[in-house]
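Trainee: Build me a model:
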Amino acid sequence: MAKEAKDPDLSTIPAAYKAQLSHYLQFIRLEKGLSAHSVQSYEHDLKRYFQFLVHHAKIHDIAGVTMTHIESFLHYLIDESLLSSSSLARNISSIRGFHEFAVVENFSHSNPAELIELPKKAKKLPEILDPFEVSALLESPDIKTPAGIRDRAILETLYGTGMRVSELTDLETDRLFFEIGFIRVIGKGRKERLVPVGEMAQDALEHYIEHVRPLFFNPKKADKAKNKVFLNQRGGALSRMSVWNIVQKAALDAGITKSVYPHIFRHSFATHLLEGGADLRAVQEMLGHSSIVTTEIYTHVDRSLLRDTHIQFHPRG
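Mentor: Have a look, this model is predicted:
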């Protein structure tokens, strides 16, 4: 179930964005005659969009926005379950409308949103990383630095357990059972599951917890961070956006050109297990899916690999 965020804070957004948003909201209220409720919805959508552009994409001028930035933002919304599927179309409409307005008002010379399509209801096969891309990503953090050691542990944990990014940021130290090689994960609906952690992920986690987490720990923030495993360098709990940025940086450093986001590790985890012969119900349990139908999408990915192999190697493929 999607979780509607509180109204985004625009205090760190450039003044130009604020002014352009104010002009646009006035336009849709007075010229287009939208209701106060609709205007409020558009305002919330665009504030969150601007936050992403500034803090993640590092775009401080609307003229610098490309279609790739918009697609990345939509991936972020879906990945973080920040909206329901029905709200995605509205967000796209909000972004499209604003960029059309930006061209008319000469804030920008082109509309990067005009080719963005409304989502189709048909289920799309999830994009995955191949094992070589995963290795390149996991090895990209600089483990000579404390932050690099933490980032390596984050990436190893995402891939080694298949957990969602929200489950990773909520992970607490008393849920790590390294003596038996498992992590207790609190998933959607507060449902608990035990997930094998894997030797390499466990080694990275133990190294981070022993050598780096104490360096980041700040007693003044202990109430908020509590027993959270992953901390930022100021001692606070690591946010989902921070994990997103860590993954993006790792992809950039590894030279991977495809769209990489935290949830792609979950897709890759499931697919690689099934390709290796894992039982579907075991993968369902590890992912925390309530229905095996949800897990079965990864068998389609697996079958597509088999089909490609057949075409490539069979004499009459």
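
Trainee: And the closest residue to residue 162 other than its chain neighbours, how far from residue 258?
Mentor: Nearest residue to residue 162 in three dimensions, chain neighbours excluded: residue 269, at 3.5 Å (Cβ to Cβ, 6 or more residues apart in numbering). Every C-beta, even on glycine, is put in place using the N, C-alpha and C of the backbone. From residue 269 over to residue 258 the distance is 17 Å, taken as Cβ to Cβ, to the nearest Å.

Trainee: circling back: who's in contact with the host helix or strand of the residue nearest to residue 162?
Mentor: In the assignment (DSSP states H and E), residue 269 maps to helix 263-275. Helix 263-275 has contacts (Cβ atoms under 8 Å, 6 or more residues apart in numbering) with 79, 126-129, 131, 134, 155, 158-165, 247, 280, 282-283, 286-287, 295, 298-299, 301-302, 305.

Trainee: out of those residues, which are buried?
Mentor: Buried by 16 or more other Cβ atoms under 10 Å: 79, 126, 128-129, 134, 155, 158-165, 247, 280, 283, 286-287, 295, 298, 301-302, out of the contacts of helix 263-275.

Trainee: In strands only, show me those residues.
Mentor: Under the assignment DSSP state E, the buried ones among the contacts of helix 263-275 contribute nothing to strands.

Trainee: related to what we said a few turns ago, so residue 269 and residue 258 - more neighbours on which side?
Mentor: Legend: neighbour count by other Cβ atoms under 10 Å for residue 269 and residue 258, higher for residue 269 (25 against 10).

Trainee: list the buried ones in the helix holding residue 269?
Mentor: Across helix 263-275, burial judged by 16+ other Cβ under 10 Å covers 263, 264, 265, 266, 267, 268, 269, 270, 271, 272, 273, 274.

Trainee: Going by distance to residue 183, which of these wins?
Mentor: Distance to residue 183 across the buried residues of helix 263-275 (Cβ to Cβ) is lowest for residue 269, with 13.2 Å.

Trainee: pLDDT weak spots in the stretch 201-317 of the chain?
Mentor: The model of the stretch 201-317 of the chain has pLDDT under 70 over residues 300-317.

Trainee: So what's the residue count around the residue nearest to residue 174 when sequence neighbours are not counted?
Mentor: Nearest in space to residue 174, with sequence neighbours left out and distances taken as Cβ to Cβ, 6+ apart, is residue 227 at 6.0 Å. Burial measure for residue 227: 11 neighbouring residues, criterion other Cβ under 10 Å.

Trainee: Can you report phi and psi for residue 227?
Mentor: Backbone geometry at residue 227, expressed as degrees, to the nearest 10, gives phi -100, psi 20.

Trainee: roughly how far apart are it and residue 166?
Mentor: From residue 227 across to residue 166, the span is 17 Å (Cβ to Cβ).

Trainee: swap in residue 285?
Mentor: For residue 285 relative to residue 166 (Cβ to Cβ), the value is 19 Å.

Trainee: So for these two, which residue has more residues nearby?
Mentor: residue 166 (18 against 15).

Trainee: Quick check: closest non-adjacent residue to that one.
Mentor: Spatial nearest neighbour of residue 166, chain neighbours left out: residue 240 (6.2 Å); criterion: Cβ to Cβ, 6+ apart.

Trainee: Could you give the number of residues near the one you found?
Mentor: For residue 240, the neighbour count with other Cβ under 10 Å is 19.

Trainee: So that it lines up with my notes, have the first residue be 30 from now on.
Mentor: Taking 30 as the first residue, the last one we looked at is residue 269.

Trainee: I figured it hits residue 199, correct?
Mentor: No: the criterion here is Cβ atoms under 8 Å, and residue 269 misses it with residue 199 at 9.8 Å.

Trainee: At which residues are the helices of the stretch 230-346 of the chain located?
Mentor: For the stretch 230-346 of the chain, the helices defined by DSSP state H, counting those that start in this stretch occupy 242-245, 251-254, 269-283, 292-304, 309-316, 321-324, 326-342.

Trainee: Nearest to residue 82, out of these?
Mentor: helix 269-283 (12.6 Å).
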